[in-house]
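Undergrad: predicted coordinates and the sequence they were generated for:
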Amino acid sequence: MTLDVAIIGSGFGGLGAAVRLRQAGITNFSIFERASEVGGTWHENTYPGCRCDVKSTLYSFSFAPNPSWSNTYSYQPEIFAYLRNIANEYQLREVIKFEDEVLDISFDSTSRLWRITTQHGVAEARHVILAAGGLAEPRLPDIEGIESFAGPIMHTAKWRDDVVLDDKRVAVIGTGASAIQVIPQIAASVRHLSILQRTPPWILPHMGHAVRKRTQLLFRFIPFSQQLNRFYVYWRNELMVLGFVKDPSKMKIAEQQSRLFLESQITDPQLRESLTPHYRLGCKRVLISNDYYPSLRRDNVALVTSPITGIEPEGVRTSDGTLHKVDVLISATGFYVTDNPIGERVHGARGEALATAFRGTMSNYRGTMFPDFPNLFMLGGPNTALGHSSIVFMLESQLNYVVEALKKALRQNALIEPTQSAADEWTAMLQSKLPSTVWGTGCASWYLNERGINTTIWPDFTFRFRKATRHFQLRDHHVTR
Ligand code: N01
């Protein structure tokens, strides 16, 4: 049977899409999920301390508020449980094909259908919603000799509970969002911890706290109170755009706050200097933590700033000649984002791979559609990620446009794709804005592709993206019956 819609992935994007399709009366769809459970990145990332740095009242679907969040910034188990609940409550499990990884998605111009080749067979669909996630493919560092390491190596996004860390010599490579969450959790129990830092992150105090029982009750019995809280969190976050986008020099205020925070937590002047960033705050993702710096004060923890030159069976060699002997290596080295392998598996009407869009050589329309990729919608597409607010807001914005477009295409049995000029105009508008933002101030970040082009971040207020995706604009599309 030909599907009306094939959804790829069952994280926030895929589940959100499924709910919205059902609400719009579209029921002939399947979700292809390579994992054995829903949740996407919140299923995959199970390392100790894993937590979201966006407040939970905003980092959740507008149509499914959760009055029971136990912390203002939830930990992974609670977010994962929230997504499992969505799948159960909306009876989505019956349409999910678990453990069925998508290997290829190609448009067949003769049948005018998308052919989805998975581990277990081939499916055909009139439309595809690609919701595979931007932080889905862990990146191991490309360091000489890594394969020769004698002990276990694990990426934070592939945490292994069977690897014992207690009383072991451990090294963590990287000091990004994942590293600064996991380090405080393991520092006390390992024998020795070497933290291999390439670039120090900017860190601000974490304001998270447990949610009081009476607040949970208030949210449960007066839902409007939680909506008000969400509204407040949303607008507070939007204010940050003034610094991130409009005038990056404003970030000096937050830099000063971060420096004072560092000074209050680290007294050793040499360690303090090693931890002081020398790029504009916000250029890389801003981190929040109250327990990362204190863990560096421990006698069994060492911050290593000499660059890594190689990995040997016994440990990590740095450029000063030292061999840091370790039993376990933890790679907190991030993800393939602009070079996400899923992009190489999706081919449009002319055979071109979707990966081109992230290389910055193919235009996109509102981060969601691409010329020559008829009836294919990408959630979390180019320049839809955020440095200041909730990606769930962006996904829901995209879904407004996707559902309208889909209804039109289904009603008219049509192929819809953006015009080249509309896609070019959108992409040019973004690329003209980005250089003057904080992300263009000259640091190396995962927001930039290998050519230094930012194909990741949305450089504006999120309400502008909501407005741009509120409705399907016929004039910007070719509709072929
Ligand atoms: O990955 P990262 P992450 N040798 O790419 C270093 C989300 N997230 O998993 O800065 C040595 O940020 C690299 O160094 P440098 C969130 O969006 C959110 O931590 O490139 N070091 C960096 O320190 C986040 O931004 C949460 O010089 C190497 C680190 O590894 C995104 O996921 C929690 C290296 C990678 O940091 C990714 O975060 C977790 C090498 N060869 C994740 N290669 C929260 O909500 C890389 N590095 C809090």
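TA: Yep, it's here.
Undergrad: contact partners of the longest strand along the chain?
TA: Secondary structure of the chain per DSSP state E: the longest strand is strand 121-130. Identification of contacts with strand 121-130 by Cβ atoms under 8 Å, 6 or more residues apart in numbering yields 2-9, 13-14, 17, 29-30, 32, 105, 111, 113-116, 342, 346, 354, 375-379, 381, 402, 406, 409-410. Just so you know, the C-beta spots here come from the backbone N, C-alpha and C atoms, and that holds for glycine as well.
Undergrad: and the following helix or strand past it, average pLDDT?
TA: Using DSSP states H and E, the helix or strand that follows strand 121-130 in sequence is strand 153-155. In this model, strand 153-155 carries a mean pLDDT of 97.
Undergrad: list the strands paired with the helix or strand just after strand 153-155, with their directions.
TA: Next in sequence after strand 153-155, counting helices and strands by DSSP H and E, comes strand 169-173. Sheet pairing of strand 169-173 (DSSP bridges) gives strand 192-196 (parallel), strand 328-331 (parallel).
Undergrad: so is strand 169-173 next to the ligand?
TA: Yes - using Cβ under 6 Å from any ligand atom, we find that strand 169-173 touches the ligand at Ile173.
Undergrad: leaving out sequence neighbours, find the closest residue to Tyr292.
TA: Among residues not flanking Tyr292 along the chain, Ile180 sits closest, at 4.3 Å (Cβ to Cβ, 6 or more residues apart in numbering).
Undergrad: orientation of whatever helix or strand that neighbour lives in relative to strand 192-196 in degrees?
TA: Assigned by DSSP H and E, Ile180 belongs to helix 177-186. Interaxial angle, helix 177-186 versus strand 192-196 (axes from the mean of the first three to the mean of the last three Cα atoms, to 10 degrees): 170 degrees.
Undergrad: remind me what helix 177-186 packs against, helices and strands.
TA: On a contact count with 3 or more Cβ pairs under 8 Å, 6 or more residues apart in numbering; DSSP states H and E, helix 177-186 meets strand 169-173, strand 192-196, helix 292-296.
Undergrad: from the contacts of strand 121-130, which would you call buried?
TA: Buried by 16 or more other Cβ atoms under 10 Å: 3-9, 13-14, 17, 29-30, 32, 105, 113-116, 342, 346, 354, 375-379, 381, 402, 406, 409-410, out of the contacts of strand 121-130.
Undergrad: can I get the longest strand of the chain in PDB, CA atoms only?
TA: As requested, the backbone C-alpha atoms of strand 121-130 are provided in PDB (Å, rounded to 0.1, in the frame of the first residue of the first chain):
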ATOM      1  CA  GLY A 121      12.200  -3.700   2.700                       C
ATOM      2  CA  VAL A 122      10.900  -1.000   0.500                       C
ATOM      3  CA  ALA A 123       8.000   1.400   1.100                       C
ATOM      4  CA  GLU A 124       6.400   4.000  -1.200                       C
ATOM      5  CA  ALA A 125       5.000   7.300   0.000                       C
ATOM      6  CA  ARG A 126       3.500  10.400  -1.600                       C
ATOM      7  CA  HIS A 127       5.200  12.600   1.000                       C
ATOM      8  CA  VAL A 128       8.200  12.300   3.300                       C
ATOM      9  CA  ILE A 129       8.700  14.100   6.600                       C
ATOM     10  CA  LEU A 130      12.300  13.800   7.400                       C
END
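Undergrad: buried residues, that strand. List them.
TA: 123, 125-130.
Undergrad: so how far is the ligand from Arg126?
TA: Going from Arg126 to the ligand by Cβ to the nearest ligand atom, to the nearest Å gives 33 Å.
Undergrad: correction: the previous question concerned Leu83.
TA: Leu83 sits 15 Å away from the ligand when distances are taken as Cβ to the nearest ligand atom.
Undergrad: neighbours around that residue, how many?
TA: By the criterion of other Cβ atoms under 10 Å, Leu83 has 24 neighbours.
Undergrad: cool, Met1 as well?
TA: Met1 sits with 7 neighbouring residues when counted by other Cβ under 10 Å.
Undergrad: what sits against it?
TA: Asn28.
Undergrad: now do Arg93
TA: Applying Cβ under 8 Å, 6+ apart, we find Arg93 in contact with 38, 87.
Undergrad: quick check: which element contains Phe55?
TA: No Phe there; residue 55 is Lys. Judged by DSSP H and E, Lys55 forms part of no helix or strand.
Undergrad: give me the number of residues near it?
TA: Neighbour tally, Lys55, other Cβ under 10 Å: 24.
Undergrad: ok, the nearest residue to it once chain neighbours are set aside - how many residues close by?
TA: Distances taken as Cβ to Cβ, 6+ apart put Val233 closest to Lys55, at 4.8 Å, once the chain neighbours are dropped. Around Val233 there are 19 other residues, counting by other Cβ under 10 Å.
Undergrad: in helices only, show me the buried ones among the contacts of strand 121-130.
TA: Within the buried ones among the contacts of strand 121-130, residues falling in helices by DSSP state H are 13-14, 17, 402, 406, 409-410.
Undergrad: if anything else comes up later, I'll come back, but that's it for now.
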